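Enquirer: Just a sequence and a predicted model for now, questions to come.
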Amino acid sequence: MIKEENVLAALSHVEEPDLKKDLVTLNMVKDVVINGSDIKFTVVLTTPACPLKEVIRQRCMDALHEHLGKDITVDIHMSAEVTSIRNNSPQLPGVKNIIAISSGKGGVGKSTVTANLAIALKNSGAKVGIIDADIFGPSIPLMFGAEDVQPMITPKDGKNMIHPVNQFGIKMISIGFLTPKDNAVVWRGPMASQALRQFLGDVDWGDLDYLLIDLPPGTSDIHLSLVQTVPVTGAVVVTTPQKVALADATKGLAMFKQPQINVPILGVIENMAYFTPEELPENKYYIFGRDGGKELAKKFAVPLLGEIPIVQSIREGGDEGRPIMMNEDSPAAQAFKEAAENLAQQLAIRNAAQPATERVQVA
């Protein structure tokens with residue numbers, strides 16, 4: 001007769017590939033139900049975007065058949081609970097992970113990457129939000145087809161709170177929602193920094209697994225204000241392959257690694273890695289150079305999360321307010337999906353292996 005302890009003993013031979021511990025030790029096995037030779041249980045992953053979901057499922061099947069016999073029937077439900085190291089934080093209390101999306105140089109497609117990563121994570125089952133922190137050049141409202149939407153403001157606990165705009169299942173806030181779309185924002189740095197602090201403190205974000213911060217290019221007041229206001233879980237650096245972009249991306253990446261800032265780098269995403277005609281996806285043309293992002297990641301010993309091709313449909317999606325990830329069958333969407341899975345994977349590893357990020361104290 002099979003007992004729960006027999007099932008757990010068998011599953012203790014299954015290692016979580018990233019965390020290098022077995023599923024039972026990590027408390028990832030739940031709700032074991034045994035009926036004769038029929039075994040049901042749930043594996044709780046660290047992210048719904050886990051790229052190793054099927055690998056873990058198969059390893060569980062193999063371990064149970066090896067230790068309990070070939071004639072058993074196994075039904076595995078794969079669930080997920082996004083991990084967090086933000087415990088009891090007074091600011092953004094319902095947000096599990098804050099991820100800065102940065103680039104050293106403008107024009108590398110950082111906001112496009114942010115928008116599509118957000119939808120890819122949402123499609124995996126996660127709750128996702130975006131702060132468009134590019135105060136002087138907000139583009140998130142346009143990319144999500146929400147230029148004419150305005151967020152509501154309602155009182156909560158004696159304070160007026162902004163409700164983020166919800167478009168395609170993504171909560172978002174941007175200065176573009178609060179100013180006429182053809183008007184320029186002519187503010188000094190401290191005013192822009194104050195706007196970011198309001199996005200962090202005066203918006204009712206509710207519960208989120210991932211809050212992506214679409215930073216302006218470079219290393220500015222906004223970047224310092226972010227790391228001084230909230231502990232950032234990790235940062236992603238977006239670059240294109242050519243040398244001029246890599247030189248600036250290097251500076252952007254180095255900023256997060258400075259000892260007084262010390263925000264973990266989750267990885268590099270190389271955007272516009274190659275051009276590919278959509279009707280000939282096997283053809284790749286490296287018009288901006290090759291492997292620049294890979295070399296940057298190698299130089300700083302951080303993961304390369306993805307290589308995103310430049311295709312016409314990505315540009316069209318941004319212009320039409322429907323990011324390419326809305327069409328998951330597109331080859332370009334597949335590249336964003338893989339990058340999002342790798343990002344979620346690296347975040348889970350970071351949460352398991354490193355201490356919580358401290359809010360930066362910089363004069």
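Expert: Received, thanks.
Enquirer: Any stretches of the stretch 51-200 of the chain with poor pLDDT?
Expert: 185-189 (pLDDT under 70).
Enquirer: Okay, strands next: where are they in it?
Expert: With DSSP state E, counting those that start in this stretch, the ranges of strands along the stretch 51-200 of the chain come out as 73-80, 98-102, 128-132, 153-156, 159-162, 165-167, 170-174.
Enquirer: Just send the ones you listed back as a markdown table, with mean neighbour count too.
Expert: Heads up, the C-betas are built off the backbone N, CA and C, glycines and all. Shown next, in a markdown table, are the strands of the stretch 51-200 of the chain (neighbours: other CB atoms under 10 Å):
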| stretch | mean neighbour count |
| --- | --- |
| strand 73-80 | 14 |
| strand 98-102 | 26 |
| strand 128-132 | 26 |
| strand 153-156 | 10 |
| strand 159-162 | 13 |
| strand 165-167 | 18 |
| strand 170-174 | 26 |
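Enquirer: In TSV: those strands, plus distance to S193.
Expert: Converted to TSV, the strands of the stretch 51-200 of the chain look like this (distance: least, CB to CB, whole Å):
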stretch	distance to S193
strand 73-80	35
strand 98-102	15
strand 128-132	13
strand 153-156	21
strand 159-162	17
strand 165-167	22
strand 170-174	15
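Enquirer: To E15, which of those strands lies closest?
Expert: strand 73-80 (16.1 Å; CB to CB).
Enquirer: related to what we said a few turns ago, out of the strands of the stretch 51-200 of the chain, which gets nearest to V32?
Expert: Closest among these, using CB to CB: strand 73-80, at 10.7 Å.
Enquirer: Tell me which other helices or strands the closest one touches.
Expert: strand 38-45, helix 53-68 (3 or more CB pairs under 8 Å, 6 or more residues apart in numbering; DSSP states H and E).
Enquirer: hang on, the earlier thing: among the strands of the stretch 51-200 of the chain, which comes closest to E270?
Expert: It's strand 98-102; of the strands of the stretch 51-200 of the chain, that one is closest to E270 (CB to CB) at 13.9 Å.
Enquirer: Paired strands for the closest one, with orientation please.
Expert: Using DSSP bridges, strand 98-102 pairs in its sheet with strand 210-214 (parallel), strand 234-239 (parallel).
Enquirer: which of those strands sits most buried?
Expert: Neighbour counts (mean count of other CB atoms under 10 Å) averaged over each of those peak at strand 234-239, with a mean of 29.
Enquirer: Any chance you could list what contacts the helix or strand just after that one?
Expert: Using DSSP states H and E, the helix or strand that follows strand 234-239 in sequence is helix 243-257. With contact meaning CB atoms under 8 Å, 6 or more residues apart in numbering, helix 243-257 is reached by 100, 102-105, 108, 217-219, 223, 235, 237-239, 261-265, 268, 289, 292-293, 295-296, 299-300, 302.
Enquirer: which other helices and strands contact the helix or strand containing L347?
Expert: Taking DSSP H and E as the criterion, L347 maps to helix 331-353. On a contact count with 3+ CB pairs under 8 Å, 6+ apart, helix 331-353 meets helix 110-123, strand 234-239, strand 265-270, strand 304-307.
Enquirer: Give me the below-cutoff pLDDT ranges for the stretch 201-350 of the chain.
Expert: Applying pLDDT under 70 to the stretch 201-350 of the chain picks out no residues at all.
Enquirer: okay, the helices and strands packed on strand 73-80, which one's buried deepest?
Expert: strand 38-45 (a mean of 18).
Enquirer: same for that strand, what does it pack against?
Expert: For strand 38-45, the packing partners by 3+ CB pairs under 8 Å, 6+ apart come out as helix 4-11, strand 29-35, helix 53-68, strand 73-80.
Enquirer: Mind putting those into JSON lines with distance to S124?
Expert: Shown next, in JSON lines, are these (distance: least, CB to CB, whole Å):
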{"stretch": "helix 4-11", "distance to S124": "24"}
{"stretch": "strand 29-35", "distance to S124": "20"}
{"stretch": "helix 53-68", "distance to S124": "10"}
{"stretch": "strand 73-80", "distance to S124": "8"}
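Enquirer: nearest to T179, of the helices and strands packed on strand 73-80?
Expert: strand 38-45 (40.8 Å).
Enquirer: And the contacts of the closest one?
Expert: 2, 7, 11, 23, 27-34, 53, 56-57, 60, 64, 68, 72-81.
Enquirer: so what strands line up beside that strand?
Expert: When DSSP bridges is applied, strand 38-45 pairs with strand 29-35 (antiparallel), strand 73-80 (parallel).
Enquirer: same question for it, mean pLDDT?
Expert: The average pLDDT within strand 38-45 is 96.
Enquirer: ok and that strand relative to helix 53-68, angle-wise?
Expert: 140 degrees (axes from the mean of the first three to the mean of the last three CA atoms, to 10 degrees).
Enquirer: Please compute how far strand 38-45 lies from its chain's middle.
Expert: Relative to its chain's centre, strand 38-45 lies at 26 Å (CA atoms, centre = their mean, to the nearest Å).
Enquirer: what's near enough to touch the nearest residue to Y286 once chain neighbours are set aside?
Expert: In space, and not counting its chain neighbours, Y286 is closest to Y274: 5.0 Å by CB to CB, 6 or more residues apart in numbering. Counting by CB under 8 Å, 6+ apart, Y274 touches 284-287, 290, 307, 309-310.
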